[in-house]
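[1] how would this look folded up:
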Amino acid sequence: MIFASFLKALAQLPDPRFRSVLWRGIGLTIALLIGLYAVLLWLIEWLTAEPITLPGVGEITWLGDLLGWGSLGLVILLSVFLMIPVASAITSLFLDEVAQAVEDKHFPSLPAVPQVTFWDGLRDSVNFLGVLIGANILAFVLYALLPFAAILIFYGLNGYLLGREYFQLAAMRRVGRVRAKELHRQHGAKIWIAGCLMAVPLSVPLVNLVIPVLGAATFTHLYHAVSRG
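    Residues are numbered from 1 along each chain as shown. Sure thing, here's the model as predicted:
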């Protein structure tokens, strides 16, 4: 059931609606990082508008340039760690379109579902981003305590988070939030294993950017499989 769902989702990746969601998520993520850099530059310019004078040294005129280049390095460093969770959260704003594309192709007889409002989608995306970042920060403690199990902790933790998020996304469209959580509890082990399958490519650069789209499609198939069962 899990691999069948994954393979069906993989086969549909060329779908124009899948590609549209992917590029929008990546584009908005890059725009957000550029915006962060612009804010840092403005802050540096504001802080260094007046020359700084140190006793025995005199006026320091190069501090603004130093901080400017340093901020560029900081943003590049942050992008390495934040690109994936931020892209995942932003892309999740549009994942309803991915689920609809899957249902149009594989479950065409289903009735239409109400469109998720932008604010509901934004709320869920922000919550997911917070949980994803917070859980991975806490996981660093476990990595330090159990370095030999770090890779298992990474896949296990992110597998749980991705499985919960994407399964509930697919289920809520059809049966609402309460019933989606009940289904998640009933099929928790299966959903966790499927989430771990999604978490494996997270460590592969560029490929990991496809995971939100592939995950939403896979768990849409999985939701329909378990609901029929």
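[2] could you list the low-pLDDT ranges of this protein?
    By pLDDT under 70, the low-scoring segments of the chain are 44-92, 114-122, 125, 129, 203, 205-206, 229.
[3] again, only using 50
    Within the chain, the ranges that satisfy pLDDT under 50 run 57-58, 62.
[4] show me where it has helices.
    Ranges of helices in the chain, per DSSP state H, are 2-11, 16-47, 63-91, 95-106, 118-145, 150-186, 188-199, 211-228.
[5] kindly compare burial across the ones you listed and name the winner.
    Comparing the helices of the chain by mean neighbour count (mean count of other CB atoms under 10 Å), helix 211-228 ranks first with a mean of 24. All C-beta spots, glycine's among them, are computed from the backbone N, C-alpha and C.
[6] next, the angle helix 118-145 makes with it.
    Computed by axes from the mean of the first three to the mean of the last three CA atoms, to 10 degrees, the angle separating helix 211-228 from helix 118-145 equals 100 degrees.
[7] just the CA trace of helix 211-228, in PDB.
    Coordinates of the C-alpha atoms in helix 211-228 are reproduced here as PDB (Å, rounded to 0.1, in the frame of the first residue of the first chain):
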ATOM      1  CA  ILE A 211       9.400  16.300  -1.000                       C
ATOM      2  CA  PRO A 212       6.500  18.600  -0.100                       C
ATOM      3  CA  VAL A 213       4.800  17.900  -3.500                       C
ATOM      4  CA  LEU A 214       5.700  14.200  -3.600                       C
ATOM      5  CA  GLY A 215       4.600  13.900   0.100                       C
ATOM      6  CA  ALA A 216       1.200  15.500  -0.500                       C
ATOM      7  CA  ALA A 217       0.600  13.300  -3.500                       C
ATOM      8  CA  THR A 218       1.700  10.100  -1.700                       C
ATOM      9  CA  PHE A 219      -0.400  10.700   1.400                       C
ATOM     10  CA  THR A 220      -3.500  11.600  -0.700                       C
ATOM     11  CA  HIS A 221      -3.200   8.100  -2.200                       C
ATOM     12  CA  LEU A 222      -2.500   6.600   1.200                       C
ATOM     13  CA  TYR A 223      -5.500   8.400   2.800                       C
ATOM     14  CA  HIS A 224      -7.900   7.000   0.100                       C
ATOM     15  CA  ALA A 225      -6.400   3.500   0.600                       C
ATOM     16  CA  VAL A 226      -6.900   3.400   4.400                       C
ATOM     17  CA  SER A 227     -10.300   5.000   4.200                       C
ATOM     18  CA  ARG A 228     -11.500   2.300   1.800                       C
END
